[in-house]
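A.B. asks: next one to model:
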Amino acid sequence: QVRLQESGPGLVKPSQMLSLTCAIFGGSITTNYYTWSWIRHPPGKGLEWMGAIAYDGTAYYSPSLKSRTSITRDTTKNEFSLQLSSVTPEDTAVYYCAIGPTMPTLDFWGQGTQVTVSS
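C.D. replies: Modelled structure (predicted):
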């Protein structure tokens, strides 16, 4: 059974960069045809797919976040990461990682990690 675990700082100041990591247990980030996604859930709003990285290292991004988002991977650590630049309080959300290319085809969600953007 694959398990994903998000980690990162819970508080980020406005204009700074948000960095999160998703560790993969019981599976490999290089498994053929697997894609690994980042999703967020802002308070009072719906889920938002942010982007993904495929088994071959190709990254895909939501058009609305593409200019501020970078998703990378570390195959030696079997993990992938999210960087979101120039954050504002509107980036406050619970951030999740999951397997799949985009919603709704996502599975094995991590437990999520709360990130608050505040000075």
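
A.B. asks: what residue is smack in the middle of the chain?
C.D. replies: Residue closest to the average C-alpha location in the chain (Cα atoms, centre = their mean): residue 38, at 2.8 Å.

A.B. asks: which parts of this protein are strands?
C.D. replies: 3-7, 11-12, 18-25, 35-41, 48-54, 59-61, 69-74, 79-84, 93-99, 113-117 (DSSP state E).

A.B. asks: mind listing the strands the second one pairs with, and their directions?
C.D. replies: Next to strand 11-12 in the sheet, as set by DSSP bridges, lie strand 113-117 (parallel).

A.B. asks: and what of the third one?
C.D. replies: The sheet places strand 18-25 alongside strand 3-7 (antiparallel), strand 79-84 (antiparallel), with pairing taken from DSSP bridges.

A.B. asks: what's the offset of the shortest one from the middle of its chain?
C.D. replies: The offset between the C-alpha centroid of strand 3-7 and the centroid of the whole chain comes to 10 Å, using Cα atoms, centre = their mean, to the nearest Å.

A.B. asks: before we move on, the earlier item: any idea how far residue 31 is from the residue nearest to the centre of the chain?
C.D. replies: Distance from residue 38 to residue 31, counting by Cβ to Cβ, to the nearest Å: 18 Å. The C-beta positions use only the backbone N, C-alpha and C, and glycine is treated the same way.

A.B. asks: now swap in residue 57 and tell me
C.D. replies: Using Cβ to Cβ, one gets 13 Å for the distance from residue 57 to residue 31.

A.B. asks: good, we can wrap up now.
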